[in-house]
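A.B. asks: Got a predicted structure plus its sequence, pasted below:
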Amino acid sequence: MEVVDILVVDDEPGIRSGITRILRNFTVSYPFLEDDIGFNVIEAATGEEAIDIIKRSSPAIVLLDNKLPGIQGVEVLQFINQNHPDILVMMITSYASLELAVRATNIGAYDFVPKPFTPQELKSSIENITKHYFLRRMTRKLHREGKQVRFQFLTVLSHELKAPLNAVEGYLKMMQEKQAGESIDSYMDFIDRSLARIQSMRNLIMDLLDLTHIESGKRQRTLREIDLTLVARSAIETMTPLAIQRDVNLCLQTTEPVIMLADSDDMEILFNNLISNAVKYNKPSGWVKCSICKTASEVTLVVSDSGIGIEPEDIPKLFQEFTRIKNPQSKNVTGSGLGLSIVKRVVDLYGARIDVQSEPGAGSTFTITFPLPGSDTLNDGI
């Protein structure tokens, strides 16, 4: 159970001890939180003592009387507002007035509870202010995480585009200076390398477009019954030139139609990414096998390969944006690092699951399982 510090500032010992007694075993529950919230009550008899405590420990909530010996409650409130704006303050006073309530609210008080109050009234107010405290903390945390993710995304994206641009610029300058002679034939290798870099940038941009369309929910989908075998065969035909170049054998082990309600573009994304990775991260004379099967309750898509495999500690990283597992076998393999993160988002849209089994040096198997039947099992995002 998480414990929240509450500072009670009141010159009446009976009020302080009464609040401590009421809150000693009181807890607040919230659907967003796994555990209930308890309270640790700290007492201060004067405003000066309260400020000393706040400087040392900064409690989450302050219950503040206005009429105090020495400096007044509103002065303590001003100090908190100027120096510790995260602290939530609830004014408690027997000299309640509209003028004081307005002034305290303008200075930064969250709530205003007149004395005398019943235990239930105090508990109700504490519950409200505690929930506000956690909601505000959660919102700030999400905001910080969002900014961090955006910054990381832009940093990686800049790097991924800068490297091929530098390469192309270098090749063009070499050609401009005619470093290889007067004949255009002498520059064919530079041209081929430049075109390869441009293709990698185009692939990155296309992957980014897919990712942003899925994330924004703006991508138009057309759900209809499609034959997954045809989609898989099309993906294999697309990858065949690359497979021949890398001496990898591609095999579709399903011949019967496998009909499923889906968007054909979504399924192309899945097959293209999984088969492409299986070819790129394979070994000479290797193989890639794709199979699809259907039962009364689910459709299962399996892409396995005889490739370089993945270390167990790297598998959880596979579906993160811009993640490429780097090792001596994969250092020359190009890619945006977005393919599998896009696959995961498509899988999530269908309420499906993706499992990865892999052994370094022996190969990997990606299995996607779609629940059936019908569109009622699909997410609303489709």
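C.D. replies: Sure thing, it's come through. Numbering: from 1, shown residues only.

A.B. asks: Off-centre distance for the lowest-mean-pLDDT helix or strand in the chain?
C.D. replies: Lowest on mean pLDDT, DSSP states H and E among the helices and strands of the chain sits helix 98-107, with a mean of 74. Distance, stretch centre to chain centre, for helix 98-107: 41 Å (C-alpha atoms, centre = their mean, to the nearest Å).

A.B. asks: name the helices or strands packed onto it?
C.D. replies: Secondary-structure packing of helix 98-107 (3 or more C-beta pairs under 8 Å, 6 or more residues apart in numbering; DSSP states H and E): helix 73-83, strand 88-93, strand 111-114. Bear in mind the C-beta positions are built from the backbone N, C-alpha and C, glycine included.

A.B. asks: Quick one: neighbours of the closest residue to residue 320 other than its chain neighbours, just the number.
C.D. replies: Distances taken as C-beta to C-beta, 6 or more residues apart in numbering put residue 341 closest to residue 320, at 6.2 Å, once the chain neighbours are dropped. Counted with other C-beta atoms under 10 Å, the neighbours of residue 341 add up to 20.

A.B. asks: Residue 341 contacts residue 317, correct?
C.D. replies: No - between residue 341 and residue 317 there is no contact under C-beta atoms under 8 Å: 10.4 Å.

A.B. asks: Okay, and the beta partners of residue 28?
C.D. replies: Beta-bridge partners recorded for residue 28 (DSSP bridges): residue 37.

A.B. asks: Count the neighbours of it for me.
C.D. replies: Residue 28 sits with 20 neighbouring residues when counted by other C-beta under 10 Å.

A.B. asks: where's it relative to residue 79, distance?
C.D. replies: To residue 79, residue 28 is 27 Å away according to C-beta to C-beta, to the nearest Å.

A.B. asks: Most tightly packed of the helices and strands packed on helix 98-107?
C.D. replies: strand 88-93 (a mean of 23; mean count of other C-beta atoms under 10 Å).

A.B. asks: partners of that strand, with directions?
C.D. replies: strand 61-64 (parallel), strand 111-114 (parallel).

A.B. asks: quick one: the helices in the stretch 201-350 of the chain?
C.D. replies: Counting by DSSP state H, counting those that start in this stretch, the stretch 201-350 of the chain has helices at residues 228-245, 264-280, 339-349.

A.B. asks: JSON lines for those helices, including mean pLDDT?
C.D. replies: Below are the helices of the stretch 201-350 of the chain laid out as JSON lines (pLDDT from 0 to 100):
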{"stretch": "helix 228-245", "mean pLDDT": "90"}
{"stretch": "helix 264-280", "mean pLDDT": "90"}
{"stretch": "helix 339-349", "mean pLDDT": "88"}
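
A.B. asks: relative to its centroid, which residue of this structure is most remote?
C.D. replies: residue 182 (53.1 Å; C-alpha atoms, centre = their mean).

A.B. asks: where does that one land on pLDDT?
C.D. replies: For residue 182, the pLDDT comes out at 88.

A.B. asks: and it, that one's in a helix?
C.D. replies: No - counting by DSSP: H, G, I helix; E, B strand; the rest coil, residue 182 is not found in a helix; it is coil.

A.B. asks: What values do phi and psi take at it?
C.D. replies: Residue 182 adopts backbone torsions of phi -90, psi -20, taken as degrees, to the nearest 10.

A.B. asks: I'd like to check which residues are in contact with it.
C.D. replies: Residue 182 makes no contacts at all, as judged by C-beta atoms under 8 Å, 6 or more residues apart in numbering.

A.B. asks: follow-up on the earlier one: compare the mean pLDDT across the strands paired with strand 88-93 and name the weakest.
C.D. replies: Mean pLDDT, when computed for each of the strands paired with strand 88-93, is lowest for strand 111-114, at a mean of 82.

A.B. asks: residues making contact with it?
C.D. replies: Strand 111-114 has contacts (C-beta under 8 Å, 6+ apart) with 90-94, 96, 100-101, 104-105, 121-122, 125, 128-129.

A.B. asks: now these: which count as buried?
C.D. replies: 90-93, 100-101, 104, 122, 125, 129 (16 or more other C-beta atoms under 10 Å).

A.B. asks: re earlier: residue 231: which of the contacts of strand 111-114 is nearest?
C.D. replies: Nearest to residue 231, judged by C-beta to C-beta, of the contacts of strand 111-114 is residue 128 at 53.9 Å.

A.B. asks: and the closest one, what is it in contact with?
C.D. replies: So residue 128 contacts residue 111 (C-beta under 8 Å, 6+ apart).

A.B. asks: Mind doing that once more with 10 Å?
C.D. replies: Residues near residue 128 by C-beta atoms under 10 Å, 6 or more residues apart in numbering: 28, 90, 110-111.

A.B. asks: From the residues you listed, pick the one nearest residue 246.
C.D. replies: Closest to residue 246, out of all of the contacts of residue 128 and judged by C-beta to C-beta, is residue 28, at 60.2 Å.

A.B. asks: Tell me if I'm right that that closest one and residue 3 touch.
C.D. replies: No - the pair residue 28 and residue 3 does not pass the contact test of C-beta atoms under 10 Å, sitting 11.3 Å apart.
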